[in-house]
Structures are given as C-alpha cells and as structure tokens.
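Asker: only geometry, no sequence info:
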C-alpha cells in the first residue's frame with residue numbers, strides 16, 4: 001500500500017500525517033495516534049494485516065514531536081485541550097474530507113494518543129464512529145518513566161537540567177530507547193524477542209532523536225493539567241478501553257473507571273500485560289480490534305451522505 005506524507009497547519013503548528021490509502025477498501029478508515037515521545041511512524045512496521053487488507057488507515061503525529069514542527073516560541077498557550085482537539089480535527093479533515101462517503105472514522109490511540117482521541121470525540125463528535133483507547137487516560141498524571149519525566153518537567157530545584165539529561169540519555173543510543181520502551185510492558189521476554197518491536201523502535205529512533213527537548217518538557221508539564229472528566233458526558237460514541245492489568249504507566253484502576261463512567265464505554269482487561277497491549281498480546285489485540293471495528297462500522301455507514 002503506498003504511503004503519502006503531508007503536513008497540516010494549525011495555529012503555528014505543522015502537524016505530520018501519513019496516509020496509507022487502500023483504493024479497494026470498503027470499510028471505514030482508521031486514524032491512529034501514537035503516544036508521548038514516539039513518532040507518526042510508530043504504527044507502520046506493525047500494522048495488522050486485517051487492517052491493511054480492508055481499510056485505508058492514517059497516522060497523525062502528536063504536536064511538538066518530529067517531524068511535526070512549531071514556528072513560534074513556546075508559551076502557556078502553545079497547547080491546551082481545545083487546541084489539541086482542533087489540531088486533530090484539521091488533520092482528519094485533510095486526510096478524510098467530509099465530502100467523502102466514508103466521512104466518519106474510527107480513532108485508535110495509544111497512551112497520550114488515547115487521550116487525544118477521547119478529547120477529539122468530546123469536542124468534534126460528528127466525525128467519530130468509535131474510539132479505541134490503548135492504555136489511555138482522561139487525566140494526565142502518569143506513573144513510571146513518564147511520571148518521572150512529568151516530575152522533572154517543572155522548572156524548580158534544578159529539575160529542568162535533569163529532564164534534559166534524561167532525554168539526552170534516552171536518545172544517545174538506540175539501545176536506551178529500547179530499554180525504555182520495554183520498561184513500559186510486563187511481558188518483557190515477548191517484547192525483547194519481537195521482530196515487530198525491534199523494527200518499530202529502529203524506525204522511530206531517528207525522529208525521537210530530533211524531538212525538541214524544550215517542547216517535550218513543556219508537553220510533559222501540560223499533561224499535568226489535563227482533565228476530561230468534566231466533559232465525560234459529551235463522549236457519546238462507543239469507546240473501547242484496552243487495559244493491561246499490570247500497566248506501569250497509566251493506572252489500570254483509572255482506565256477501568258473511565259470505561260465505567262462513559263455512556264458507551266467497554267473494557268477489555270488483558271492479564272499479565274503492561275502498557276503495550278498491541279505488542280505484548282498481538283493476536284488477542286487484533287481479534288478484539290477487528291471485532292470492535294466490525295461491530296461499529298455501521299455507525300459510519302449510516303451517517304454517510306447518500307450519493
């Protein structure tokens with residue numbers, strides 16, 4: 001399937017997107033959003049054959065993650081929940097124009113990408129057939145490595161220097177990125193032996209090395225103020241939370257509570273799995289994803305404009 005790369009502009013952000021368009025696709029498309037510190041290329045090496053064969057799929061970068069760019073100084077207004085949703089809206093409108101028959105999309109996000117998908121669904125519900133949140137959240141406080149980065153993101157007691165040091169180490173060698181990535185999981189042997197994980201991390205490593213560190217620090221600080229619970233009643237679309245019961249980054253209790261409180265929330269709890277369900281239990285994840293998408297394709301079909 002050929003890949004088309006494009007950039008969309010929104011409030012001085014230039015957001016990178018990848019379009020994998022299947023001209024024979026009959027099913028509604030999927031928009032994928034990666035997690036913190038990763039890249040728009042995160043999904044390419046491990047995309048499931050069941051998706052490639054039947055759908056067009058798109059990948060949207062988080063802002064302030066290379067190759068996305070930002071053309072003015074960072075301020076408190078660089079990111080907020082409204083602008084975060086607006087950037088995803090602009091990207092989706094560019095990738096899947098509303099004039100197309102398949103104007104509604106499924107959103108799949110990992111970790112911060114899960115938050116981005118839920119945030120978009122709360123503010124722009126008319127384009128969303130369903131949401132799949134993999135290790136996602138509705139409030140931005142993390143644990144583990146991401147929690148440490150959030151702690152260091154605040155400008156006090158020399159934390160800024162420590163954040164820069166930690167980030168310099170992370171991107172100084174591919175091996176450190178791999179160690180950090182594997183630490184997000186629970187099935188360590190599966191992750192270490194996975195050819196897909198290896199290929200994915202090598203694929204995104206050049207982008208990770210070029211993420212602007214000050215922007216990453218600002219993003220981590222921004223996460224601390226995120227809270228979608230005040231908009232939870234606005235998310236009426238079906239939402240599937242895929243949760244590892246040993247997730248070291250986002251509390252499983254928090255994810256289960258999110259699923260319980262959403263009007264159409266559902267839960268798949270993976271046993272002895274961490275933050276990377278799609279890599280730690282790929283067969284189970286693919287089955288659950290395909291079943292979910294097929295069950296909710298009808299929402300997109302029913303909303304499509306008549307020819």
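Answerer: Yep, that arrived. Quantities reported herein were computed from a predicted structural model and do not represent experimental measurements. Numbers count the residues shown, from 1 in each chain.
Asker: how much distance is there from stretch 261-277 to the middle of the chain?
Answerer: Its chain's average C-alpha position is 15 Å from that of stretch 261-277, according to CA atoms, centre = their mean, to the nearest Å.
Asker: Next up, identify which helix or strand the most centrally placed residue in the chain is on.
Answerer: Ranked by distance to the mean C-alpha position of the chain (CA atoms, centre = their mean), the top residue is residue 113 at 2.1 Å. Per DSSP states H and E: residue 113 is located in helix 112-123.
Asker: same question, residue 246
Answerer: Going by DSSP H and E, residue 246 is not in any helix or strand.
Asker: about what we covered before: which non-adjacent residue is nearest the residue nearest to the centre of the chain?
Answerer: Nearest residue to residue 113, sequence neighbours excluded (CB to CB, 6 or more residues apart in numbering): residue 33, at 3.3 Å. C-beta here means a position set from N, CA and C on the backbone, and glycine is covered the same way.
Asker: hang on, the earlier thing: what is the helix holding residue 113 packed up against?
Answerer: strand 30-33, helix 81-95, strand 105-110, strand 128-134 (3 or more CB pairs under 8 Å, 6 or more residues apart in numbering; DSSP states H and E).
Asker: per-residue confidence averaged over it?
Answerer: On average, the pLDDT along helix 112-123 is 96.
Asker: next one: stretch 84-93
Answerer: Averaged across stretch 84-93, pLDDT comes to 95.
Asker: And for stretch 199-215?
Answerer: Stretch 199-215 comes out at a mean pLDDT of 95.
Asker: ditto for stretch 242-258
Answerer: Mean predicted confidence for stretch 242-258 is 97.
Asker: Which positions in that stretch come out as buried?
Answerer: 242-244, 246-252, 254-256, 258 (16 or more other CB atoms under 10 Å).
Asker: Tell me which of these fall in helices.
Answerer: 252, 254-256, 258 (DSSP state H).
Asker: Let me know the closest of those to residue 85.
Answerer: The closest of these to residue 85 turns out to be residue 258 (CB to CB; 17.3 Å).
Asker: For the protein, just list every one of the helices.
Answerer: Under DSSP H, the chain gives helices at 49-54, 81-95, 112-123, 144-152, 159-170, 174-182, 188-193, 195-208, 213-223, 252-261, 277-280, 282-303.
Asker: Comparing those, which comes out most buried?
Answerer: Greatest average neighbour count among these goes to helix 112-123 (a mean of 26), per mean count of other CB atoms under 10 Å.
Asker: Can you give the contact residues for it?
Answerer: 32-36, 62, 81-82, 84-86, 88-89, 92, 107-109, 128, 131-138, 140, 223, 226, 228, 231-232, 234-235, 237, 239 (CB atoms under 8 Å, 6 or more residues apart in numbering).
Asker: same thing with stretch 159-175?
Answerer: 37, 148-149, 151-153, 176-177, 180, 201-202, 205, 208-209, 211, 213, 216-217, 220.
Asker: repeat that for 6 Å
Answerer: With contact meaning CB atoms under 6 Å, 6 or more residues apart in numbering, stretch 159-175 is reached by 152-153, 176, 180, 205, 208-209, 213, 217.
Asker: where does this protein dip in pLDDT?
Answerer: For the chain, the stretches with pLDDT under 70 are 1, 76-77, 99-102, 299-307.
Asker: ok, now with 80
Answerer: Counting by pLDDT under 80, the chain contains low-confidence residues at 1-2, 73-79, 98-103, 155-157, 299-307.
Asker: circling back: which of the contacts of helix 112-123 are buried? Put it as a PyMOL command.
Answerer: A single PyMOL command is used to select the members of the contacts of helix 112-123 judged buried by 16+ other CB under 10 Å:
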select buried, resi 32+33+34+35+36+62+81+84+85+86+88+89+92+107+108+109+128+131+132+133+134+135+136+137+138+140+223+226+228+235+237+239
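Asker: Show the end-to-end separation of stretch 225-242, please.
Answerer: Its start and end residues considered, stretch 225-242 measures 24 Å (CA to CA, to the nearest Å).
Asker: Distance from it to the middle of the chain?
Answerer: 15 Å.
Asker: try stretch 24-41
Answerer: Distance of stretch 24-41 from the chain centroid (CA atoms, centre = their mean) equals 8 Å.
Asker: Many thanks, have a good one.
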